[in-house]
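[1] Based on what follows, work out the 3D shape:
(4 chains)
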Protein chains: 4
Amino acid sequence: MNQFGKEFRLSIFGESHGTGVGISIDGVPAGLPLNEDDFKNDILRRKSGGKGTTPRIEGDEPRIMNGVYNGFTTGAPLMVYFDNTNTRSRDYAFVHDTPRPGHADFTAFKKYGGFEDYRGGGHFSGRLTLGIVAAGVVAKKMIGAVSVNAKILELGGSVELDKVLDAAIEKGDSIGGIIECTASNMPVGIGEPFFDSLEALIAHMVFSIPAVKGIEFGSGFAAAKMTGSQHNDNFIDVNGKTETNNAGGINGGISNGNDLILRVAVKPTSSIHVKQHTISLKEGVRKDLEVEGRHDTCIAVRFPVVLESAVAIVLADLMLQAQLIPRINSKGYIGK
Amino acid sequence: MNQFGKEFRLSIFGESHGTGVGISIDGVPAGLPLNEDDFKNDILRRKSGGKGTTPRIEGDEPRIMNGVYNGFTTGAPLMVYFDNTNTRSRDYAFVHDTPRPGHADFTAFKKYGGFEDYRGGGHFSGRLTLGIVAAGVVAKKMIGAVSVNAKILELGGSVELDKVLDAAIEKGDSIGGIIECTASNMPVGIGEPFFDSLEALIAHMVFSIPAVKGIEFGSGFAAAKMTGSQHNDNFIDVNGKTETNNAGGINGGISNGNDLILRVAVKPTSSIHVKQHTISLKEGVRKDLEVEGRHDTCIAVRFPVVLESAVAIVLADLMLQAQLIPRINSKGYIGK
Amino acid sequence: MNQFGKEFRLSIFGESHGTGVGISIDGVPAGLPLNEDDFKNDILRRKSGGKGTTPRIEGDEPRIMNGVYNGFTTGAPLMVYFDNTNTRSRDYAFVHDTPRPGHADFTAFKKYGGFEDYRGGGHFSGRLTLGIVAAGVVAKKMIGAVSVNAKILELGGSVELDKVLDAAIEKGDSIGGIIECTASNMPVGIGEPFFDSLEALIAHMVFSIPAVKGIEFGSGFAAAKMTGSQHNDNFIDVNGKTETNNAGGINGGISNGNDLILRVAVKPTSSIHVKQHTISLKEGVRKDLEVEGRHDTCIAVRFPVVLESAVAIVLADLMLQAQLIPRINSKGYIGK
Amino acid sequence: MNQFGKEFRLSIFGESHGTGVGISIDGVPAGLPLNEDDFKNDILRRKSGGKGTTPRIEGDEPRIMNGVYNGFTTGAPLMVYFDNTNTRSRDYAFVHDTPRPGHADFTAFKKYGGFEDYRGGGHFSGRLTLGIVAAGVVAKKMIGAVSVNAKILELGGSVELDKVLDAAIEKGDSIGGIIECTASNMPVGIGEPFFDSLEALIAHMVFSIPAVKGIEFGSGFAAAKMTGSQHNDNFIDVNGKTETNNAGGINGGISNGNDLILRVAVKPTSSIHVKQHTISLKEGVRKDLEVEGRHDTCIAVRFPVVLESAVAIVLADLMLQAQLIPRINSKGYIGK
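    Residues are numbered from 1 along each chain as shown, chains lettered A, B, ... in the order given. Down below sits the predicted model:
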């Protein structure tokens, strides 16, 4: 279902080419200062416009529809909506007969019987991540001193990021990348042994973001090649600080106070200008496909702020449960 | 919380050295033939005894306490319990002062204020996965023709599995591994775009299993190095079959009918006979630590059946939601 | 939290005097014909304007923001929003110091620390039931042949409804009432023994509607005075039809195919023109209070359609879970 | 589903004539002193043996299987199990063909296709309330100074309780009753406006108890006959204390600090020795039915402690969410 979280609970809605996209957020403490400007910075980081991103540039103006009064959250559900303003009307109906490789055209058609809004990916569009970023802004305020930062580690298998983007653009092809996210100033003790470990909840949220193919925490896949004596993180102080951080800040599903570290693999954008093969579902014959339209060469470029948001959302939820965030934001509270 | 699933819903309980471990499973269709023998095979696959596994060998006898009558599930909650029979009484209390690196000793102590049952890992013990395997047995029956199979791809970074185990045993050290799971005969259309994508739910469940450090679907982390024209899976028939399967059987969070493929990184067992460093939480001074007791050299060896179970559990839940599994098992039903 | 349901899942948001009120509905099958006109009739039944209702008359125009394409539901979350258009700006801040008896002023102030939007009841306003009615319209379509109808049994303890309304209006006082709801053409078998019995879920939903003080099913409170031989409903046919219907259509929490019958007690509107007593929270002295503003003399008058909606919502959710409503609406489907 | 609660979460399982009945309770704070003796008093209050109760007397010995170590809760799921010891083997299979009026025989047969364990009501048995009472014992410890007390108001429509019981026993008939529950020392601010109002959650839980036909809060159904000026509770101090308590301690779904008051209607036991009519589902002809076996004349007699438990469970859950109960029980904590 299109909901996530327990005490900090999201419901997402929207389509790429419909009225807009939005999110309702339940469980936000009362008294958090919040206005439209607070969203600007992170919305901008997600926005297209830079190298490797789609020429479709949306206004992305957040409208706080509910849950804020006199500049503060009220404790009632917060609803933020983003109108779609720059949609080009063209015919997407072809995706029903000739689904695009790598896209959700085929699966959505089967799941929803052809009733899905297929324009620009509809409800499957990366545009829905606007709602996640909006929730992330609120979550970051809630978690206060905990600092969540994501960055691109590599694009297309290379650290020469500019160069690989140029090459892909020239070919009309697309590339993926690896993004790393770190949360520092972490509290000890959030997450549950079964089944809501900190890794489990973050992975759940992160795999909700389109284009994610893998996630690893701390040493991650490299752990599979290590010995226990290499991998175990020796303690160096009574606060649980360790020499190494192969655990990625988590033991037994619970935060240990060291930095939370995770990496995510983002696949190359499915929309490319290179010729591909599909099949006509009606005729049963294979067809060539050249996808037109505006799209990102590398969605990974816009990914870091979405990943930060996903992580912050999980932390806000778990910190509420652990009673580390009060229900009413008071002056003494560390919220930004 | 110690619960997972929506229509097929698990509640897990138990400790390594207490009375036993168990699971209650809600949402099992009525009329599924089920008795204790049905659990034998998968329980045996999880069991220790082989090379690289702990010398603590438990009876692991499943007791169906509730939810079965006359050899069939009743539709009421199924409860399966495993008594602990082979626990050695020795003093684990040292973990409160000198937490073992790589274990949950420190985080559990902080989270539960020292009230946790710390004997043998307590509620964090890998022994809890008995409940997951039991639920997996039921799930496999429910999903019928869908076949879930996991295997070890490598241990300690090597495909010479016997050799690396011997080396680790000799050193008193431990090693990790990579496990791959495939589900074939998959239905099209299970999973949700937000936030309950097929990847999200599987990842959530899999990260509940102790020792998992990473998960990837289809091309996984390799996708980050590929171009879109390499990565996109071209369609070859009207059922959605594709030439390649970089998607791992999922597009837009929804199964596409191709094989579901995922790989999991398992870290080396934290318990080793090699000397490590910890810190006395009371005295604030670093101490050497040599962990005694019986433990696995390589937990990954026992992992495949647990992974299969985790995947089958998610599939059963989603297939119930998609109405692909009837609420009453009828004779015509494909369940095994 | 502001969410309800499992497979048919609501998230509500909104305030009486803010931008508007709305609801997002997840789990709606794809392919249900739906447009703004479909909401008209039930919205009109809830609307003020008749005798005993508030002179604040809102446009109550539903805007389908998401989840519908080309006149059919898409399977993605449906979001319906109602703008507030007829709000009078006057000072409600007095409720922070002198809370109105019978209202949520005091409890909201304590729970949200004074950050709540207190204008016109804010998030506690009966206006939020617009979202419930909107969800009810969709639910009624989903449950097809099951027919849900509610009617007023009595107002102010009398069946001379017109007369008691006149008397209350003249005194500036308010009255309550009893509403009965019947669902006929019920399927057998929906509801769960523990904890999601049909009564439990309906009661949960109904007590979410402001002003409800009690609910009873079938014989209800009268059952407490009956003997078993009077109360038990004797069977008369193999479909489970019974001579009497003291059970109200439910045995063991599960529908038995007879009419579902329930009654709800609605308290008199808290806003009255009669002088009352409150206390100044700052000064600690008792004060007289005369509430101005526009309000209903008898909220029960507008209640039947809200109650129908609440019942239909629960039935839709349980019928989805029982696989009695398909995930994709097909031509042969009985939906209206 | 057989689960209830959010932060204090129950999973119930069991059958009347199977191995036993039990409950797993997740979310119990660590450090609560708990042993089998703590359950004795409330278990005894629920127990049969007094006038009007069944001659089947069970040992009702609680076994704490998981979640307690060294006499304190560990923070891991608590599982309590009660073995069935006094079950008489007789043939219940007749209920499949000739369902007993007032029982769940017919609905269970239809819902579970005949696979249900029908012996003694199976999973629908009142015996399952043992688990609720066990959870109530834990909940009462958690809510500390909040005191929950239930009492019988009337049986069979009379306050001469002994007399009406004698009369019913003589006739082989059964009677119902009305039970009132009060919680005093209530915190202000628990409960949510939509959809988890305090009334909604309590009603949800209470309707899970077999035989409940109605529930009302404060003035309840009488409110429908009152005017607003009669019904509104005037404030008398700054803590929210009111002159009257028609609200039953709740405004806008949120506790107001006054006593929480609710009444529940319990129907007469369905099992009676008086001749009734049923229908043979196979033959389609009506048949006389005389139910043998041991049963209560008046289940309401055993009901007060079950109702207290249901209320305490909801309070514990909401107080955890409101951060009024700490996650680790400390010495200064008010828990009993």
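
[2] Check which residues of stretch A:154-168 are buried.
    For stretch A:154-168, the neighbour count (16 or more other C-beta atoms under 10 Å in any protein chain shown) marks A:Glu154, A:Leu155, A:Gly156, A:Leu161, A:Val164, A:Leu165, A:Ala167, A:Ala168 as buried. Heads up, the C-betas are built off the backbone N, CA and C, glycines and all.

[3] at contact distance from chain B, anything in that stretch?
    Yes: for stretch A:154-168 and chain B, the contact criterion (C-beta under 8 Å from any C-beta of the partner chain) is met by A:Glu154, A:Gly156, A:Gly157, A:Ala168.

[4] Quick check: phi and psi at the nearest residue to A:His123 once chain neighbours are set aside.
    In space, and not counting its chain neighbours, A:His123 is closest to C:Ala76: 3.7 Å by C-beta to C-beta, 6 or more residues apart in numbering or on different chains. Main-chain torsions, C:Ala76, degrees, to the nearest 10: phi -80, psi 160.

[5] repeat for A:His17
    Dihedral angles (degrees, to the nearest 10) for A:His17: phi -120, psi 10.

[6] ok, and the closest non-adjacent residue to it?
    Of all residues not flanking A:His17 in the chain, A:Arg119 sits nearest, at 3.7 Å (C-beta to C-beta, 6+ apart).

[7] How many residues are close by the one you found?
    Residues contacting A:Arg119 under the criterion other C-beta atoms under 10 Å in any protein chain shown number 20.

[8] Please go through chain A and pick out the longest helix.
    Longest helix in chain A, counting residues (DSSP state H): helix A:304-321.

[9] Contacts (any at all) between chain B and that helix?
    No: on the criterion C-beta under 8 Å from any C-beta, helix A:304-321 is out of touch with chain B, staying 8.9 Å away.

[10] from the chain's centre, how far out does that helix sit?
    10 Å (C-alpha atoms, centre = their mean, to the nearest Å).

[11] Ok, stretch A:47-59 next?
    On C-alpha atoms, centre = their mean, the centre of stretch A:47-59 falls 17 Å from that of its chain.

[12] got the end-to-end distance for that stretch?
    9 Å (C-alpha to C-alpha, to the nearest Å).

[13] which residues of chain A score low on pLDDT?
    Within chain A, the stretches with pLDDT under 70 are A:89, A:331-336.

[14] Leaving out sequence neighbours, find the closest residue to the residue of it most remote from its centre.
    Here the centre of chain A is the reference, and by C-alpha atoms, centre = their mean the most remote residue is A:Glu283, at 37.6 Å. Spatially, and ignoring its direct neighbours in sequence, A:Glu283 is nearest to A:Asp97 (8.0 Å; C-beta to C-beta, 6+ apart).

[15] That neighbour: what's it in contact with?
    A:Asp97 makes contacts with A:Ser280, A:Leu281, A:Lys282, A:Glu283, as judged by C-beta atoms under 8 Å, 6 or more residues apart in numbering or on different chains.

[16] rerun at 10 Å
    A:Asp105, A:Phe109, A:Thr278, A:Ile279, A:Ser280, A:Leu281, A:Lys282, A:Glu283, A:Lys287 (C-beta atoms under 10 Å, 6 or more residues apart in numbering or on different chains).
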